[in-house]
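>>> Sequence first, predicted coordinates after that:
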Amino acid sequence: MVDANLLAQVAVAFVVCSLIGLPSYRIHVVSLSGLLSGYVMGIGVILFGGWGAFFVIFMFFVLSGATTKFHYDKKKKKGVAEAKGGARGYKNVFGNGLLALFMIMGWWHYGSAVFLAGYMGAAASATADTAGGEIGRLSKSDPYLITTLKRVPTGTEGAVSVLGKSAEVVICIFLGLVALAGGMTQESLPWWNLLLVTGVGGFVGATVDSYLGATLETSKAWFGNNHTNFLCTVAGAATSMALYLAL
């Protein structure tokens, strides 16, 4: 027999995701495939992680969409705007969010805060990389290539700027505060620990993304942006988990 409580949770999660996703689809923040994959991500996170975890991944969606649309025409003139008006598809959604979903499922199954730390690291990495990168493209000066620290044109894979990296730090701290407000602390993961693993994991993951963009993404035909995004979240989650275990 199907659990009535579970069905109610799924129904509520579906409604909430619809209230967020459908308007976003109409204003071209996500494509149809991005909308459908967003349902998978959103409902999964709500069921396995609760509303606190959902608010974190929701902020990834909000900040990524908002920063992509922010001064979009200016970025388009510079030739560095996202294609299709910035609408994100399923590859982008899963590349940025699949590991976070697995982490929150691990936390639900095992109850260990190390998976919660991994979730925060993965989510912060994806958010900092995407939103921080969009802000960084608005920098008035040319960015630096992360592997050589030489000036390169805006939009170059692996390019970083002071504006973009500063935005990444602020975004990671903000996500940690969102997690605190959502009650995601535990006895083994107090508030200061949660902020630390989120901030450090997110920043490291976003930095690894830039490095991969400057190396594998530009030299290997089979290695694309979605591979970079996924490995960015792997680096962020691994860093946060290792830091949690070390504290």
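Arrived safely.
>>> Mind naming the longest helix for the chain?
Counting by DSSP state H, the longest helix found in the chain is helix 32-69.
>>> That one - contacts with which helices or strands?
Applying 3 or more C-beta pairs under 8 Å, 6 or more residues apart in numbering; DSSP states H and E, one finds that helix 32-69 makes contact with helix 4-26, helix 90-110, helix 113-136, helix 162-181. (Each C-beta comes from the backbone N, C-alpha and C, glycine too.)
>>> State the mean pLDDT of that helix.
Averaging pLDDT along helix 32-69 gives 91.
>>> Mind listing what's buried along the helix or strand harbouring residue 227?
Using DSSP states H and E, residue 227 sits within helix 225-246. Using 16 or more other C-beta atoms under 10 Å as the test for burial, helix 225-246 gives 226-244.
>>> Give me the angle between it and helix 162-181.
60 degrees (axes from the mean of the first three to the mean of the last three C-alpha atoms, to 10 degrees).
>>> that older thread, most tightly surrounded among the helices and strands packed on helix 32-69?
Of these, the one with the most neighbours on average (mean count of other C-beta atoms under 10 Å) is helix 113-136, at a mean of 29.
>>> ok, residues contacting the helix or strand just after that helix?
The helix or strand immediately downstream of helix 113-136 is strand 144-145, counting by DSSP H and E. Here strand 144-145 makes contact (C-beta atoms under 8 Å, 6 or more residues apart in numbering) with 150-152, 156, 158-161, 214.
>>> next one: stretch 34-54
Stretch 34-54 is contacted by residues 6, 9-10, 12-14, 16-17, 20-22, 24-25, 30, 57-58, 61, 87-90, 92-94, 97-98, 100-101, 104-105, 107-108, 119, 179, 182-184 when judged by C-beta under 8 Å, 6+ apart.
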